[in-house]
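Peer 1: 3D, please:
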Amino acid sequence: MNFPDVMFSVQSYNWHVVGGPCQAQVIAWGNAWAIWELLNWLRAPVTLRDDEGSARWWGYLHTVDIQVGAIQVGVSLESMYNRVNVVYGYLAPGSATAGTRANTGWVQDDDSVSAYGTRELKYSLSEASPESAEQTRATLLASLRYPNPTLVPNYGQSDLRATLTLHGWWDTLDWQYYTQTAGLEEHQVKGTIVQVGTTAVQKLAQKFQLGSALTWDSYALHVRAKVLAGTCADNLQLSVYSDSGGAPGSLLCGAAVGDVIDENIEWVSAVPSTRVTLGPGTTYWLVIERTGSLSNTNYFGVGIDDSASYARGTLYAYTGAAWSEYDNDPTTGGTQPCALTFQVTGVWKTTDQIADIVDDVGQFLTDCEIEDESAVYASPYRDGDGIGGTEIAKLLTVGTTAGRRLLAEVTAERALRVYLEPAQSSSTIELYMDNAGVLYRKWSDQPLGGDVSPVGKWCQLKDWPSTVDMNLLADPSVFFIEYAEYDVESEAWVNVTPRGAPTPWELAQLIQG
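Peer 2: Numbers count the residues shown, from 1 in each chain. Just a heads-up that it's a prediction; the model follows:
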């Protein structure tokens, strides 16, 4: 931004270990026309620089509050949403209670999106008809698509000035919901319970393909099962096979069910020790068989969908001679196809998931730089109810196989840098704090200036008494800095918050939320 008729005074700026620059306050005064012109610069990039031109903090303009005599006029992106979806419990005609979860789909205001970027709202209704949900969506979009001005009393302030609240780019990762279909292939429709493990139906096999366009590694296999007749001392084996001429071919992975199967129909799971990479456009088979001998008096049952509404394959049975399409009673020679009720769940490396989220919802970020791979695998599947930054924060907390968290900061180039939290040791302690709360660089008598953020660094209390017995305590004289704020007037880092304590930034977000 270039405003020759406006003077700016930076009041403070702060940092957090998750995101880096998070908020800053700036006062502006000068020409009245130019002050009012600031309202047109919401979401504009802002970099705070020192007298030498070095960047101290970076982000965007989130809120403008202008004092005019005894009133304050404010405009903020906080309550602006330009893309709306209403989720509701469908109230069917003639029914008094809400039924299945439904949603209207997304609509957006293109002019607002062009001006500010996409900011999404998923609004919930407890019960509604499709018509009322869609009208709610239209009303919300019409009222929230642009920043709405606020007007409040401001007694005691008479001169024309503006307070600018800046937010870090990390904040924009929570502007959109994140959906990822990789990591889950399923058919949840329930119907009949059919036999398996008898001489008539020795094995069952569900043909399937991935609905996701991305590759992922299998993790667990799930079906609904019970003891259908007699008693069974063995268990079920669930396996994934390749396709060979329209029937199960080579074994890819498999394991016995780890749950106890009884007379109640329940979801049961098998977790193979070997993972197989599943790719889109390839046919696979989920095969069910028993681990013991076939029996016509003691056998298992599994849940299927009689309507065969699964679009990417049908259920087959093995009767001892060949595989044939299952019709709910293969001994009759019927032709009604069915589908297994099943789930195949998968995993991605958590740092790969972070990169995917940034690629999907990081509309203002330029890159995702993973400096330390996690080597930890978890389900990448997201149903679209979670927002991007929150999902990344959860994955950072999982950490790595080194047993430490991952941290993240948005760099001045707007790349999300993901790196491993440094381990505590004498060599990683970079800062000292004296009894007055002043931070110093290690081996220096000069207070830490605003050009270096202390966040993400280990700090030691400078004057900790040596007589305290530390045998049964974690050393309280050493702490990891989660959050800190630089006060420009006092030229000091304040509100320095150690790991484990709620930061002022988090408390503010909780109050606003």
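Peer 1: Low-confidence regions, the chain specifically.
Peer 2: Filtered on pLDDT under 70, the chain yields the residue ranges 1-3, 91-98, 156-158, 328-335, 464-476, 501, 503-513.
Peer 1: quick one: the helices in it?
Peer 2: Under the criterion DSSP state H, helices of the chain are mapped to 32-37, 110-116, 130-144, 350-361, 388-398, 504-512.
Peer 1: Quick one, which of these gets closest to residue 448.
Peer 2: Proximity to residue 448 (C-beta to C-beta) singles out helix 504-512 among the helices of the chain, at 18.6 Å. The C-beta positions use only the backbone N, C-alpha and C, and glycine is treated the same way.
Peer 1: returning to what we had before: out of the helices of the chain, which one sits most buried?
Peer 2: A comparison of these by mean neighbour count, using mean count of other C-beta atoms under 10 Å, puts helix 350-361 on top with a mean of 21.
Peer 1: coming back round to it: and the helices of the chain as TSV, adding distance to residue 18?
Peer 2: Compiled in TSV, these are given as follows (distance: least, C-beta to C-beta, whole Å):
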stretch	distance to residue 18
helix 32-37	34
helix 110-116	24
helix 130-144	27
helix 350-361	12
helix 388-398	5
helix 504-512	10
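Peer 1: Distance of residue 87 relative to residue 320?
Peer 2: Remark: distance between residue 87 and residue 320 (C-beta to C-beta, to the nearest Å) = 49 Å.
Peer 1: When the two are compared, which one has more neighbours?
Peer 2: Just comparing residue 87 and residue 320: by other C-beta atoms under 10 Å the higher neighbour count belongs to residue 87, 16 against 10.
Peer 1: I'd like to know how far that one sits from residue 100.
Peer 2: Noted for residue 87: a distance of 11 Å to residue 100, by C-beta to C-beta.
Peer 1: Kindly report the same for residue 219.
Peer 2: Residue 219 is 28 Å from residue 100, by C-beta to C-beta.
Peer 1: Mind checking which of those two has more residues around it?
Peer 2: Applying other C-beta under 10 Å to residue 219 and residue 100 shows that residue 219 carries more neighbours, namely 19 against 8.
Peer 1: State the number of residues packed around the nearest residue to the more buried one once chain neighbours are set aside.
Peer 2: In this structure, residue 219 finds its nearest non-sequential neighbour in residue 347, 4.7 Å apart by C-beta to C-beta, 6 or more residues apart in numbering. Neighbour count of residue 347, defined by other C-beta under 10 Å: 21.
Peer 1: The chain should start at 13 in everything you say after this.
Peer 2: Let's use 13 as the start, then, which means that last one is residue 359.
Peer 1: I figured residue 359 hits residue 232, correct?
Peer 2: No: counting by C-beta atoms under 8 Å, residue 359 does not reach residue 232; the two are 9.2 Å apart.
Peer 1: Can you name the residues that contact the most centrally placed residue in the chain?
Peer 2: Against the mean C-alpha coordinate of the chain, by C-alpha atoms, centre = their mean, the closest residue is residue 403 at 1.8 Å. Going by C-beta atoms under 8 Å, 6 or more residues apart in numbering, residue 403 touches 190, 369, 394.
Peer 1: Next: residue 261.
Peer 2: Each residue near residue 261 by C-beta under 8 Å, 6+ apart is listed here: 253, 254, 255, 297.
Peer 1: Look up which residues are beta-bridged to the last one.
Peer 2: Going back to what we said before, that points to residue 297. Counting by DSSP bridges, residue 297 forms beta bridges with residue 219, residue 253.
Peer 1: so it touches residue 258, yeah?
Peer 2: No: taking contacts as C-beta under 8 Å, residue 297 lies outside contact range of residue 258: 10.0 Å.
Peer 1: Comparing the two, which residue is more hemmed in?
Peer 2: For residue 297 and residue 258, the more surrounded residue by other C-beta under 10 Å is residue 297, and the numbers stand at 24 against 12.
Peer 1: Roughly how far does residue 163 sit from residue 45?
Peer 2: From residue 163 across to residue 45, the span is 20 Å (C-beta to C-beta).
Peer 1: Can you say which of the contacts of residue 261 are buried?
Peer 2: In the contacts of residue 261, burial by neighbour count holds for 253, 255, 297, counting by 16 or more other C-beta atoms under 10 Å.
Peer 1: got TSV for the residues you listed, with distance to residue 51 too?
Peer 2: Below are the buried ones among the contacts of residue 261 laid out as TSV (distance: C-beta to C-beta, whole Å):
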residue	distance to residue 51
253	63
255	61
297	61
